[in-house]
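S.K.: give me coordinates for this.
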Amino acid sequence: MTLALATLDITVEFGAELPCRKFDPDLWFADAPAELELARASCGECPLKAECLAGALERAEPWGVWGGEIFERGAIVARKRPRGRPRKEDLARDADLKAETVARVAIVTGRESVRLAA
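M.R.: Prediction:
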């Protein structure tokens with residue numbers, strides 16, 4: 001059994017306690033950056049956060065919030081940018097967030113390398 005399938009068996013035990021089961025599922029696949037941040041924050045105390053993230057990485061999920069991380073085009077992004085040209089200070093902040101995200105994902109999943117969006 002792969003890790004991706006194993007997480008499905010575990011969710012039956014936790015049921016409605018999981019944030020992704022309590023709230024509107026569309027929140028985890030929203031277009032608005034603020035809604036994705038809300039979904040991401042909701043994953044904070046989830047007992048399946050690590051398993052969810054590892055399964056999403058294994059399946060190469062194309063988009064959505066999985067295990068408290070935002071996926072876009074199959075890669076983890078530090079934050080989803082709003083439409084339009086980014087400001088210079090946003091680009092600098094994104095570089096810092098990317099480094100923090102790499103460290104956080106490595107700790108949660110035990111992987112040394114994770115594909116992050118540019």
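S.K.: just the CA trace of stretch 38-48, in CSV.
M.R.: Provided in CSV are the C-alpha atoms of stretch 38-48 (Å, rounded to 0.1, in the frame of the first residue of the first chain):
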residue,chain,number,x,y,z
LEU,A,38,-7.1,30.5,5.6
ALA,A,39,-7.0,26.9,4.5
ARG,A,40,-3.3,26.7,5.2
ALA,A,41,-3.8,28.0,8.7
SER,A,42,-6.7,25.6,9.3
CYS,A,43,-4.2,22.7,8.7
GLY,A,44,-2.0,23.9,11.6
GLU,A,45,-3.2,21.5,14.2
CYS,A,46,-4.4,18.7,12.0
PRO,A,47,-3.2,15.3,13.2
LEU,A,48,-2.7,14.1,9.6
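S.K.: can you pull out the helices in the protein?
M.R.: 3-14, 19-22, 33-42, 49-59, 88-109 (DSSP state H).
S.K.: show me what the second one is packed up against.
M.R.: Packing contacts for helix 19-22, counted by 3 or more C-beta pairs under 8 Å, 6 or more residues apart in numbering; DSSP states H and E, involve helix 33-42. (Each C-beta comes from the backbone N, C-alpha and C, glycine too.)
S.K.: residues in contact with the helix it packs on?
M.R.: Contact with helix 33-42 is made by 19-20, 23, 27-28, 30, 65, 68-70, 79-82, as judged by C-beta atoms under 8 Å, 6 or more residues apart in numbering.
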